[in-house]
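**Q** coords please:
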Amino acid sequence: MVLTLSIEWVTDLDQSDAMGSRLPIAQAPTELKNVYSGGTPILASIRQQVPQHGDGRLSHQSLSDDFFVFRFERTPDGYDIFIEQQRDYGGRACDAAATHRLGLSSDRPRICIGPGKEPRDLPTAIFLAMLWAERTSRYIRDGVPWS
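**A** I've put the predicted structure just below:
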């Protein structure tokens, strides 16, 4: 099965405005191809198609046809992966522990990643978002817990 994802990103700052402030360079949306094998994302394939660093947004349809949108923001420790859109949990428990999400009381829920284990580059952040989406789809559909 070939699955195509769409991602848009902003590369590191590499131009200046009239005030001397550096400006990000926006990239056109990119279609990622051949990023799954046997139902699992392939990090090496993602690395070949995505820059090492930059902020971005991923529109992703899981293998179960659930639609997700993630935003990636670079931090001093790595990347935060914000969940901008996902389906509801259909009556399943949707607390932070059951769903591996943080920031549920804010307008910016994000994937829970342990301190010190944050993804250090954009391809790894995309890979983790895809894994989270597939596990979340399975949990919603079958009730199979993460652990």
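
**Q** what residues does the nearest residue to Q61 once chain neighbours are set aside make contact with?
**A** Computed as Cβ to Cβ, 6 or more residues apart in numbering, the closest residue to Q61 that is not its neighbour in sequence is F67, at 5.3 Å. The C-beta positions use only the backbone N, C-alpha and C, and glycine is treated the same way. Contacts for F67 (Cβ atoms under 8 Å, 6 or more residues apart in numbering) come out as S59, H60, Q61, Q85, Q86, R87.

**Q** burial count for the last one?
**A** This points to R87. 14 (other Cβ atoms under 10 Å).

**Q** how far away is it from T30?
**A** R87 sits 24 Å away from T30, taking Cβ to Cβ, to the nearest Å as the criterion.

**Q** what sits against the nearest residue to V35 once chain neighbours are set aside?
**A** Using Cβ to Cβ, 6+ apart and skipping the chain neighbours, the partner closest in space to V35 is S45 (4.9 Å). Neighbour list for S45: L32, N34, V35 [criterion: Cβ under 8 Å, 6+ apart].

**Q** look at the first one and report its pLDDT.
**A** The pLDDT attached to L32 in the predicted structure is 82.

**Q** I'd say S59 and R71 touch.
**A** No - in this structure, S59 is not within contact of R71 by Cβ atoms under 8 Å, at 10.7 Å.

**Q** which stretches of the chain form helices?
**A** 43-49, 96-99, 122-142 (DSSP state H).
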